[in-house]
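**Student:** following is a predicted model, sequence given first.
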Amino acid sequence: MNILVTGGAGYIGSITVELLVNNGHNVAVIDNLDRGHKKAVHPNAKLYIENIASSAIVENIIRENNIEYILHFAADSQVGESMVDPVKYFRNNNCAGLELAATAAKCGIKKFIFSSTAATYGEPASIPIKESHPNLPTNTYGESKLVFEKYLKWIHRCHGMEYVSLRYFNACGASEMFGEDHTPETHIIPIVLEVASGQRDHVDVFGNDYDTPDGTCIRDYVHVTDLALAHILALNVRGCEIYNLGIGHGFSVNEVIEAAKVVTGKPINARVSGRRAGDPAVLVASSDKIKHDLGWIPRFITLEQIIETAWKWKYSHPNGYGD
């Protein structure tokens with residue numbers, strides 16, 4: 001297949017490109033490198049340093065590479081930042097994303113795979129969260145992703161472009177080649193590993209008064225290679241679908257810290273801070289639908305397994321990609 005990956009120099013996008021190349025697909029990557037890294041792009045993929053809102057440029061890339069499918073990862077994705085600068089999130093995730101989707105439909109793309117999020121659900125009314133759960137986002141990031149899903153629904157209805165939206169929970173871990181390197185880093189696992197490696201003094205625990213067993217937020221941590229595999233499986237979906245991606249079991253922030261201590265053998269200093277705006281107490285997925293429809297089975301189901309892969313990548317890339 002000839003596949004275009006937007007945001008393919010970012011964390012999840014780069015590892016999806018890695019799997020696509022390893023499976024024999026021809027891959028082109030569009031990334032403006034605002035948050036991505038050149039070194040995170042597989043050497044057998046073709047990188048275009050461009051903006052997805054540049055419709056004429058994107059159309060040329062699609063036609064030049066005979067693109068049939070688009071995997072769309074390019075987006076801003078920090079919950080806290082989205083509550084401080086909502087306009088940035090609607091501009092980048094929605095305005096630029098809409099230009100991309102319109103160009104895709106114009107070029108006759110067969111399938112558009114969208115990197116969405118469980119943040120569309122907001123504070124859950126029931127656990128585990130099913131795809132039928134009401135969408136009531138509690139932060140701008142989740143709202144921007146939900147708005148884009150609605151764009152895809154109407155573009156399909158009016159122009160016929162099929163799409164799959166993958167609402168995943170907390171991406172984590174690393175592949176053999178690529179891992180997490182964000183500036184700033186906001187994800188709990190790479191942060192605790194920075195503490196373990198002496199690069200950071202402590203990890204902030206944002207709230208310990210939630211209605212959970214230990215008072216800290218509970219999340220469903222799904223390994224990044226399992227996420228990448230789901231995107232590849234989604235290429236074969238007929239019609240339009242929405243799928244959750246998670247392991248179906250949650251771990252608290254405190255449990256993540258304790259597991260990291262076991263894996264690394266290092267002390268990890270934690271400091272309780274105030275809650276972050278827009279953070280639900282518990283987010284745990286029901287992934288029964290994608291397991292039934294596509295045979296997707298997550299291979300990494302324990303924190304220790306997940307953190308081991310991230311720690312291995314951290315050991316071999318102590319300063320990330322170094323750019």
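**Tutor:** Sure thing, it's come through.
**Student:** surely Val222 is within a strand?
**Tutor:** Yes - assessed by DSSP: H, G, I helix; E, B strand; the rest coil, Val222 belongs to a strand.
**Student:** look up the pLDDT of it for me, please.
**Tutor:** The score at Val222 is 96. That number is its pLDDT.
**Student:** burial of the residue lying closest to Thr225 once chain neighbours are set aside, as a residue count?
**Tutor:** Distance criterion C-beta to C-beta, 6 or more residues apart in numbering; nearest residue to Thr225, sequence neighbours excluded, is Ser175 at 5.3 Å. All C-beta atoms are positioned from the backbone trio N, CA, C, and that covers glycine. The number of residues packed near Ser175 is 18, by other C-beta atoms under 10 Å.
**Student:** where's Ser175 relative to Asn269, distance?
**Tutor:** For Ser175, the distance to Asn269 equals 29 Å [C-beta to C-beta, to the nearest Å].
**Student:** do the same with Cys217
**Tutor:** For Cys217, the distance to Asn269 equals 19 Å [C-beta to C-beta].
**Student:** more neighbours: those two, which one.
**Tutor:** Taking neighbours as other C-beta under 10 Å, Cys217 and Asn269 compare with Cys217 leading, 25 against 12.
**Student:** report the contact partners of the more buried one.
**Tutor:** Cys217 makes contact with Phe206, Gly207, Tyr210, Ser252, Val253, Asp279, Pro280, Ala281, Val282, according to C-beta atoms under 8 Å, 6 or more residues apart in numbering.
**Student:** go with 6 Å
**Tutor:** By C-beta atoms under 6 Å, 6 or more residues apart in numbering, the residues touching Cys217 are Tyr210, Val253.
**Student:** next one: Ile3
**Tutor:** Residues in contact with Ile3 (C-beta under 6 Å, 6+ apart) are Leu20, His25, Val27, Tyr69.
**Student:** repeat that for 8 Å
**Tutor:** By C-beta under 8 Å, 6+ apart, the residues touching Ile3 are Leu20, His25, Asn26, Val27, Ala28, Ile67, Glu68, Tyr69, Ile70, Leu71, Leu235.
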